[in-house]
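Asker: coords please:
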Amino acid sequence: MGRSLIIMLACIVSLPAQPSENVDVTAVGKDPLFKIVGRTTLVADVKGKHALKISEGAGMGLV
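Answerer: Residues are numbered from 1 along each chain as shown. Below you'll find the model as predicted:
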């Protein structure tokens, strides 16, 4: 059991990472590719970078 776990972890670690993708959060609400359901959003500046803030609320909401 212990040996197979080590082998599985070694395989996972050796997998290539997915390439990062930059998303322009300032386009949310303006670009028709983004849909906002059941929430409101705003763009906040966090440590010099844009971050998308999504309002809290009852039930499901999504962007």
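Asker: ranges for the helices of the protein?
Answerer: 2-13 (DSSP state H).
Asker: tell me where it has strands.
Answerer: Secondary structure of the chain (DSSP state E): strands at 41-46, 49-54.
Asker: got a markdown table for those, with mean pLDDT and mean neighbour count too?
Answerer: C-betas here are computed from N, CA, C, even on glycine. As requested, the strands of the chain are arranged in a markdown table below (pLDDT from 0 to 100; neighbours: other C-beta atoms under 10 Å):
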| stretch | mean pLDDT | mean neighbour count |
| --- | --- | --- |
| strand 41-46 | 89 | 12 |
| strand 49-54 | 88 | 12 |
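Asker: so which of the ones you listed gets nearest V25?
Answerer: Among those, strand 49-54 comes nearest to V25, with 4.1 Å by C-beta to C-beta.
Asker: identify the bridge partners of the closest residue to T26 other than its chain neighbours.
Answerer: Nearest non-adjacent residue to T26, counting by C-beta to C-beta, 6 or more residues apart in numbering: V43, 5.3 Å away. V43 has these beta-bridge partners by DSSP bridges: L52.
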